[in-house]
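**Q** show me how the following folds:
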Amino acid sequence: MNKKTSKSKSANLKKSRSMTRRKFLTATAASVGGAAAIGFPMISRAEITSLRFQSTWPTKDIFHEYALDFAKKVNDMTGGELKIEVLPAGAVVPAFGLLDAVSKGTLDGGHGVLVYHYGKQNALALWGSGPAFGMDGNMLLAWHKYGGGKELLAKLYQSIGANVVSFPYGPMPTQPLGWFKKPITKPEDFKGIKYRTVGISIDLFTAMGAAVNALPGGEIVPAMDRGLLDAAEFNNASSDRLLGFPDVAKVCMLQSYHQNAEQFEITFNKTKYDALPAKVQAIIANAVEASSADMSWKALDRYSTDYIEMQTKQGVKFYKTPDSILQKQLEAFDVAVDKRKDNALFNEIIESQKKFAARVVRWELDTVVPRRMAYNYYFAPKKAEPKKKG
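**A** Predicted structure coming up:
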């Protein structure tokens, strides 16, 4: 065999092997395609679920910002599998119409407070309205999660036919007594005053002699400006400042028992929520708790800043509410509770809160060191020492 013939046979052999390899790959691809067609699982992108929420807050209020913070956490944690869009108050329904809208499915969910549903069942206001038996907002949330509150709230919503899943979160600090034209010095100063509040606080201040008008946040300052209100409370230094309270009043009374332990509420339409995958439901529950912590940290930063700036830049004077008024509030709350002695759920919740508060508040009072001494040590003006004679 000559060299030319040998080279020709070698080339033909390589060509034959190449053709065989191509046929094998083609057959394999066809086999995989056929297998997929008859039932092998295929990797596909997860479907995106979009939910439309509304808050009960104006766009500029820090509370609406909290609602957006929660939505972003959920959207990020699900990798875009769930997308929550949050609209401001009034975009779809008025602030006080949120529960009905979510329950009926007009909205997929919402961000507000439970006391705004006070008209549906007075007991809903117990998640934030009143002295909470000495508990603060974080303690009330502890009661909700570990002291039976969660089960009682589900029972309460079921009793009024609300098709919602509720997540209380975000402990609020003690709210001011409110904004006034002049300092309030005694309980009698409330006689005949036109005052804004919500929830059981309506009964509390009515018992103190005020003419109470419940208005959502965005309507309060315009009402004060037109003289329809003499005084009002809303919530905190940042919200009050952004809503324009310093433009209509220069006196703010700090400390009150009327809303000593309020928190926010995130609601989902129950039908929509139940249809979500268990994994997404778990992410939502964890996002609620993450948002609760983040909200309380952001509040400390922002509220303290606005508190100082309202004094230094807007001429607001802050006064501590006299103890005589605080004592009267506790007595008035007892009157409000007694008026509901025929409301079985209301009283069941009251007893549950009292049982939890008796243990938890006592523990904190005995355990946590007062901050006033340390604050005064580091920040109070130092008294000049008397000069030595001689």
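**Q** which ones are touching the closest residue to T49 other than its chain neighbours?
**A** Distances taken as CB to CB, 6 or more residues apart in numbering put L82 closest to T49, at 5.1 Å, once the chain neighbours are dropped. All C-beta spots, glycine's among them, are computed from the backbone N, C-alpha and C. Listed by CB atoms under 8 Å, 6 or more residues apart in numbering, the contact set of L82 reads 48-49, 51, 74-75, 276, 280, 283-284.
**Q** go through the residues you listed and name the one nearest K145.
**A** I284 (15.2 Å; CB to CB).
**Q** quick one: that closest one is in a strand?
**A** No - counting by DSSP: H, G, I helix; E, B strand; the rest coil, one finds I284 to be helix, located in no strand.
**Q** ok, it - how many residues close by?
**A** 23 (other CB atoms under 10 Å).
**Q** if I look at it, how far off is Y169?
**A** 11 Å (CB to CB, to the nearest Å).
**Q** where does K7 land on pLDDT?
**A** Per-residue confidence (pLDDT) for K7: 46.
**Q** circling back to that earlier point, now a ChimeraX select for only the buried ones of the contacts of L82.
**A** Those of the contacts of L82 that count as buried under 16 or more other CB atoms under 10 Å are selected in ChimeraX with:
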select :49,51,74,75,276,280,283,284
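**Q** now intersect the contacts of L82 with the strands, please.
**A** 49, 51 (DSSP state E).
**Q** pLDDT weak spots in the stretch 251-390 of the chain?
**A** Applying pLDDT under 70 to the stretch 251-390 of the chain flags residues 386, 388-390.
**Q** all strands of it, in order?
**A** For the stretch 251-390 of the chain, applying DSSP state E, counting those that start in this stretch gives strands covering 251-254, 263-269, 317-320.
**Q** chain center to the last one, what's the gap?
**A** Put plainly, it is strand 317-320. Counting by CA atoms, centre = their mean, to the nearest Å, strand 317-320 is centred 27 Å from the centre of its parent chain.
**Q** what strands flank it, and is each parallel or antiparallel?
**A** Here strand 317-320 is paired, per DSSP bridges, with strand 251-254 (parallel).
**Q** output the strand it pairs with as CSV, nothing but the C-alphas.
**A** C-alpha atoms of strand 251-254 as CSV (Å, rounded to 0.1, in the frame of the first residue of the first chain):
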residue,chain,number,x,y,z
VAL,A,251,-47.8,73.9,72.3
CYS,A,252,-47.4,70.2,72.4
MET,A,253,-48.1,68.2,75.6
LEU,A,254,-45.9,65.1,76.0
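**Q** can you point out the buried residues in that strand?
**A** In strand 251-254, counting by 16+ other CB under 10 Å, buried: 251-253.
**Q** nearest to V288, of these?
**A** Nearest to V288 among the buried residues of strand 251-254, with distances taken as CB to CB, is C252, at 31.1 Å.
**Q** contacting residues around the closest one?
**A** So C252 contacts 176, 178-180, 240, 245, 310, 316-319 (CB under 8 Å, 6+ apart).
**Q** re the thing from before, would you mind giving the buried residues of strand 251-254 as TSV with distance to A214 added?
**A** As requested, those are exported to TSV (distance: CB to CB, whole Å):
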residue	distance to A214
V251	22
C252	20
M253	19
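**Q** so what strands line up beside the helix or strand containing G110?
**A** In this assignment (DSSP states H and E), G110 forms part of strand 109-112. Using DSSP bridges, the strands paired with strand 109-112 are strand 49-55 (parallel), strand 263-269 (antiparallel).
**Q** mind putting those into CSV with distance to P381?
**A** Output for the strands paired with strand 109-112, formatted as CSV (distance: least, CB to CB, whole Å):
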stretch, distance to P381
strand 49-55, 42
strand 263-269, 36
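**Q** which of these sits most buried?
**A** strand 263-269 (a mean of 25; mean count of other CB atoms under 10 Å).
**Q** could I have that one exported to PDB, CA atoms only?
**A** Extracted as PDB, the C-alpha positions of strand 263-269 are listed here (Å, rounded to 0.1, in the frame of the first residue of the first chain):
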ATOM      1  CA  GLN A 263     -48.600  49.400  67.000                       C
ATOM      2  CA  PHE A 264     -49.200  49.100  63.200                       C
ATOM      3  CA  GLU A 265     -51.200  46.500  61.400                       C
ATOM      4  CA  ILE A 266     -50.400  44.800  58.000                       C
ATOM      5  CA  THR A 267     -53.500  43.100  56.600                       C
ATOM      6  CA  PHE A 268     -53.900  40.700  53.700                       C
ATOM      7  CA  ASN A 269     -57.100  39.600  52.000                       C
END
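**Q** many thanks, we can stop here.
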